[in-house]
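A.B. asks: Structure of the sequence below:
(chains A and B)
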Amino acid sequence: DTEVTQTPKHLVMGMTNKKSLKCEQHMGHRAMYWYKQKAKKPPELMFVYSYEKLSINESVPSRFSPECPNSSLLNLHLHALQPEDSALYLCASSQGASGTKRAGELFFGEGSRLTVL
Amino acid sequence: GEDVEQSLFLSVREGDSSVINCTYTDSSSTYLYWYKQEPGAGLQLLTYIFSNMDMKQDQRLTVLLNKKDKHLSLRIADTQTGDSAIYFCAEAVTGGGNKLTFGTGTQLKVEL
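C.D. replies: Now for the predicted structure:
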C-alpha cells in the first residue's frame, strides 16, 4: 500500500465553522506533513510531524491546528478561517530522516480542496 | 536564501524532448528532486539527484546538475501527452529538518 488518503476531497465552510481535514498512510512512514497550495503555485509547508511529534511549524496562524493521533493519522483542525485560506491542502508522508535522500521522497495525497465563504 | 526559480511555461510537440530548468540559491542543498503534478492531483516524485552527482538517467528522464551554477534540469525524452503537467524542482538542505523548498513550477503542455 503506497497511498496517502485524504478526506474530504472537497470542503466548503463558513468563517464561523469548525471542521477537520484527515490524512492516513499505512506505509510505516514516521514523518507526516501538511502543505497548502494555491492555484498555479508551489506547495507551502505548514507543519511537519516526526515520530508523532510536531517538529516544524512554519508560523501558521492558530486557526489551523494540527494533530497526530498515531503514526498513521494526521489531522488538521480548522476554526474561524478566512476566505484567503481557500486552497488545496495536501498531506504527505516520508520514510526518511533529515539529511537522507528518503527525507525528500514525499508521498502526497490528492488533497482536500477547501473553500471558505 | 532558499529561492528556487523555474520558467513558468513550456510547450513541446509529442515525440520531442522537453527540458525543464531550475535554479536555486542555497549551496548547502544535499538532494534535489523533481515532482510532477497533474490537474486535480497531489504531487508525485519522479526522480532525485544527490548533490555530488552531475547526471542521473532513469528511463526517459535525465537529470543534470551544475552545482557551480546552481542549475538543475530535467530532460524528458520522447515526450507524450500524458507528460502534460506542472513540474516542480525541490531542494533539501542539510540541517533543514524534513523540509523541502519547492521551485515555482513549470507547466508543460504537450501538443499533438
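
A.B. asks: near chain B, which residues of chain A?
C.D. replies: A:4, A:31, A:33, A:40-43, A:45, A:48, A:50, A:55-56, A:90, A:92, A:94, A:96-99, A:101, A:103-111 (C-beta under 8 Å from any C-beta of the partner chain). Placement of C-beta: from N, CA and C, glycine included.

A.B. asks: For the residue in chain B that chain A sits nearest to, the count of nearby residues, please.
C.D. replies: Relative to chain A, the nearest point of chain B is residue B:42 (3.3 Å; C-beta to the nearest C-beta). By other C-beta atoms under 10 Å in any protein chain shown, 22 other residues sit near residue B:42.

A.B. asks: Please apply the same query to residue B:17.
C.D. replies: As a burial measure, residue B:17 scores 12 neighbours (other C-beta under 10 Å).

A.B. asks: Who are the contact partners of the residue lying closest to it once chain neighbours are set aside?
C.D. replies: Among residues not flanking residue B:17 along the chain, residue B:77 sits closest, at 5.3 Å (C-beta to C-beta, 6 or more residues apart in numbering or on different chains). Residues near residue B:77 by C-beta atoms under 8 Å, 6 or more residues apart in numbering or on different chains: B:17, B:60-62.

A.B. asks: export stretch A:44-59 as PDB, just CAs?
C.D. replies: Output of stretch A:44-59 as PDB, limited to C-alpha atoms (Å, rounded to 0.1, in the frame of the first residue of the first chain):
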ATOM      1  CA  GLU A  44       3.900  25.800   1.000                       C
ATOM      2  CA  LEU A  45       4.900  23.800   4.100                       C
ATOM      3  CA  MET A  46       2.700  24.300   7.100                       C
ATOM      4  CA  PHE A  47       3.600  21.600   9.600                       C
ATOM      5  CA  VAL A  48       5.900  18.600  10.000                       C
ATOM      6  CA  TYR A  49       5.400  15.700  12.400                       C
ATOM      7  CA  SER A  50       8.300  13.400  13.000                       C
ATOM      8  CA  TYR A  51       7.700  10.300  15.100                       C
ATOM      9  CA  GLU A  52       4.300  11.800  16.100                       C
ATOM     10  CA  LYS A  53       5.800  15.000  17.500                       C
ATOM     11  CA  LEU A  54       5.500  18.400  15.900                       C
ATOM     12  CA  SER A  55       8.900  19.200  14.600                       C
ATOM     13  CA  ILE A  56       8.200  22.200  12.200                       C
ATOM     14  CA  ASN A  57       5.500  24.800  12.400                       C
ATOM     15  CA  GLU A  58       6.000  27.400   9.700                       C
ATOM     16  CA  SER A  59       4.500  30.300  11.600                       C
END
